[in-house]
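> coords please:
(one chain, ligands or ions: 2)
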Amino acid sequence: MNALQAEAAVTFKGISKVFFSKTGATPVIGDLNLDIGEGEFFSLLGPSGCGKTTALRMIAGFEHPSGGELLLGGHPVKGIPPHKRDVNIVFQSYALFPHMDVYDNIEYGLRRKGVARLERRRRVEEVLDLVQLRDLSKRRPAALSGGQQQRVALARALVNRPRVLLLDEPLAALDAKLRATMQTELRRIQQEVGITFVFVTHDQHEAFAMSDRIAILNAGRLEQVGSPADLYHRPASRFVADFVGHSNFFTGLVSTRGDRSFIGIADGEFIWLPATGAQGGSAVLVRPENIELMLRDGVDRHGDPQGDLCRVKATVIERQFLGSHHCIKARTGSGEIVTCEARAAHPGIVPGIEIWVTWHPDQSTTIPDQPGVSTSLEMEKQS
Ligand SMILES: Nc1ncnc2c1ncn2[C@@H]1O[C@H](COP(=O)(O)OP(=O)(O)OP(=O)(O)O)[C@@H](O)[C@H]1O
Ligand SMILES: [Mg+2]
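Ligands and ions are numbered 1, 2, ... in the order given. The predicted model follows:
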C-alpha cells in the first residue's frame, strides 16, 4: 500500500455501475480506480452524461456500485446507509428550508443529531463566520441572493464536520462573476477547514481554479487524473487535450533526419518532435500560447523562421478584435482552419496574407495517434 492509499479519503476500486430498466441495461461507469487523498480539493470533470453525479451519489450512498468496492477512509462502505456515512452533499439546487431563517437552516442537522444547545450555537456561529453570513443569520432564503443561498447550503453541510464534502455543480446557477467569487471562497473555506472536497463540474476553468487534482471522465471511463498542470502540459489522450484548454493538433507519420524526428507536413513545413519523440503514427499537440505568427512576404522583420523551429504555412482568412486579444483565423495548406489569438495588434496580419505558424519543438507534446484524430490547429500569438 502506498502513501496515498494509506491516506485516501475515498477509494474507487474497480467500480462499475449499470442502470437497469424495462428497456435494458445502461452501463454508466466501468472499472473506475481512483484514490482521493485526505484533505484534497478533488474535482470530477467531464462532459454531460459521463457519470460524474453517479460517482458522487455512490460515495454518498444514494446509489450502489454494480461491481467493485468503494472505501471511505480505507474502510469498505457496502451496506452502510447514506446518513451513517461521514459525508455530506451540497446540491446545485441548494434545497434550503424556505420557512426557516439562515441560522435555523444551518442548525437543523445538529438538532436532528441531538447536539447540545450550547455546542450547536458555537458550531453554527463558527460556520456563519466561515461563510461570512453572520449579519444575515435572521433572513429567510427568499430574501437572499443566489450566492448567499449557496453559502447557506455550504454552511449547512460544513456544520456537520463531515470527513468528505461532496459538491455537485454547486455554482451552476450563479452568474459568471458571482461564480468566480464563489470559486475563490470555496477554495479558501476548504483550506481553512481542511475537509476533503469532491467537486463535480463540467467546466474546466472551474475545476482548474480550485482543485489540487482533477479526474477527467469520458463516458464512464477515467481518462486521466492529475494536477491541473499535469493535465494541461502532459495530457494522456486527445480527449483530455481537447477538454482542457484550446488544443492544436497535427498528425502524421514520424520520419527521422540525423538524430532528430519530425512529422513532415509539406515541402518546407516541419514539426520537429521533442527529443523523446514518438515513432510510427503520432499526434502533436501545441498549446495556443506557445505559437508565434510570422509574415511570409519577405519584409517581415523576423525574417524566415529558424531551421530549428516547427513551422506550418497558413493563409489568414479572418480577424476579429475581442477586447483582450485579436482572434485571427487562417487556413493551412491541407485546408484546416487555424484560430489564432494574438495579444498584439499585428496590423500586417489581415485576410489574404500568408503566414508561418511556428513554435519551439520543446513546446510540442506527443500523444499516441488515435482513430478519428484529424489535423486541426488553433494558435495564439503573444508578444
Ligand atoms: N437512474 C438512472 N437510470 C438510468 N440511467 C441513468 C440513471 N441515472 C443516470 N443515468 C444515466 O447515466 C449517465 C450518467 O449520468 P450522470 O448523471 O452521472 O452524468 P453527469 O456526468 O453527472 O452529467 P451532467 O453533467 O449532465 O450532470 C447518463 O447517460 C444518464 O442518463
Ligand atoms: Mg451531473
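> residue of the stretch 151-300 of the chain nearest ligand 1, please.
Proximity of the stretch 151-300 of the chain to ligand 1 (CB to the nearest ligand atom) peaks at His202, 4.7 Å away. For every residue, glycine as well, the C-beta is placed using N, CA and C.
> I figured that residue hits Gly46, correct?
Yes. Here His202 reaches Gly46: they are 6.5 Å apart, a contact under CB atoms under 8 Å.
> surely Arg111 meets Arg121?
No. Arg111 lies out of contact with Arg121 (CB under 8 Å); the separation is 11.3 Å.
> so between those two, which is more surrounded?
Taking neighbours as other CB atoms under 10 Å, Arg111 and Arg121 compare with Arg121 leading, 14 against 11.
> that's a strand at that one, yeah?
No. Assessed with DSSP: H, G, I helix; E, B strand; the rest coil, Arg121 is helix; it does not lie in a strand.
> OK, contacts around Gly109?
By CB atoms under 8 Å, 6 or more residues apart in numbering, the residues touching Gly109 are 156, 159-160.
> any idea how far Thr181 is from the nearest residue to Cys50 once chain neighbours are set aside?
The shortest distance from Cys50 to any non-neighbouring residue, by CB to CB, 6 or more residues apart in numbering, is to Leu217 (4.4 Å). Separation of Leu217 from Thr181 (CB to CB, to the nearest Å): 27 Å.
> repeat that for Ile317.
Separation of Ile317 from Thr181 (CB to CB) stands at 39 Å.
> now do Gly68
Distance, Gly68 to Thr181, by CB to CB: 38 Å.
> which one of the two has more residues nearby?
It is Gly68, of Gly68 and Thr181, that has more neighbours when counted by other CB under 10 Å, with 18 against 12.
> immediately after the strand or helix carrying the more buried one, which helix or strand?
Assigned by DSSP states H and E, Gly68 belongs to strand 67-72. On the C-terminal side of strand 67-72, the nearest following helix or strand under DSSP H and E is strand 75-76.
> list the strands paired with that next one, with their directions.
Pairing partners of strand 75-76, with direction, according to DSSP bridges: strand 67-72 (antiparallel).
> number of nearby residues for the residue of the stretch 151-300 of the chain closest to ligand 1?
As a burial measure, His202 scores 18 neighbours (other CB under 10 Å).
> may I have the residues that are in contact with it?
By CB under 8 Å, 6+ apart, His202 lies in contact with 45-48, 52, 169.
> what about 6 Å?
His202 makes contacts with 47-48, as judged by CB atoms under 6 Å, 6 or more residues apart in numbering.
> can you pull the pLDDT of it?
Looking at His202, its pLDDT is 92.
> go on, Leu377?
Leu377 is assigned 30 on the pLDDT scale.
> so who does Val28 touch?
By CB under 6 Å, 6+ apart, the contact list for Val28 reads 17, 19, 51, 54, 220.
> at 8 Å instead, please
Per CB under 8 Å, 6+ apart, neighbours of Val28: 17-19, 51, 54, 220.
> Arg319 too?
By CB under 8 Å, 6+ apart, Arg319 lies in contact with 326-329, 349-351.
> if we go to 6 Å?
Neighbouring residues of Arg319 by CB under 6 Å, 6+ apart: 326, 328.
> against ligand 1, how distant is it?
Arg319 is 35 Å from ligand 1, where distance means CB to the nearest ligand atom, to the nearest Å.
> that residue pairs with what?
Counting by DSSP bridges, Arg319 forms beta bridges with Ile328.
> and Ser282, by the same measure?
Beta-bridge partners of Ser282, as defined by DSSP bridges: Gly252, Pro368.
> ditto for the one 10 residues further on
Applying DSSP bridges to Glu292 gives these bridge partners: Thr358.
> next one, pLDDT for it please.
80.
> what residues does the stretch 51-200 of the chain have near ligand 1?
Counting by CB under 6 Å from any ligand atom, the residues of the stretch 51-200 of the chain lying close to ligand 1 are 51-54.
> for those residues, which entry has the maximal number of neighbours?
With neighbours taken as other CB under 10 Å, the top of those is Lys52, carrying 25 neighbours.
> returning to that earlier point: so which of the contacts of Val28 sit within strands?
Within the contacts of Val28, residues falling in strands by DSSP state E are 17-19.
> any of those residues buried? List them.
By neighbour count, with 16 or more other CB atoms under 10 Å, those hold Lys17 as buried.
> from the ones in strands among the contacts of Val28, pick the one nearest Gly73.
The shortest approach to Gly73 among the ones in strands among the contacts of Val28 belongs to Lys17, at 21.5 Å (CB to CB).
> from what I can see that closest one touches Asp31, true?
No. Applying CB atoms under 6 Å as the test, Lys17 and Asp31 come out as separate, 10.5 Å apart.
> mind telling me what element the closest residue to Pro162 other than its chain neighbours is part of?
Using CB to CB, 6+ apart and skipping residues adjacent in sequence, the residue nearest Pro162 is Asn88, 4.1 Å away. Taking DSSP H and E as the criterion, Asn88 maps to strand 87-90.
> picking up where we left off before, can you list the contacts of Val28 in TSV and add pLDDT?
As requested, the contacts of Val28 are arranged in TSV below (pLDDT from 0 to 100):
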residue	pLDDT
Lys17	97
Val18	96
Phe19	95
Gly51	95
Thr54	96
Gly220	94
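> where does the stretch 251-383 of the chain dip in pLDDT?
Filtered on pLDDT under 70, the stretch 251-383 of the chain yields the residue ranges 275-281, 297-307, 368-383.
> in it, which spans are strands?
Here the stretch 251-383 of the chain has its strands, by DSSP state E, counting those that start in this stretch, at 260-266, 269-272, 281-286, 292-295, 310-321, 326-332, 337-342, 354-359, 364-368, 377-381.
> okay, those strands in TSV with distance to Val10 next?
Shown next, in TSV, are these (distance: least, CB to CB, whole Å):
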stretch	distance to Val10
strand 260-266	41
strand 269-272	41
strand 281-286	31
strand 292-295	44
strand 310-321	42
strand 326-332	41
strand 337-342	38
strand 354-359	40
strand 364-368	29
strand 377-381	36
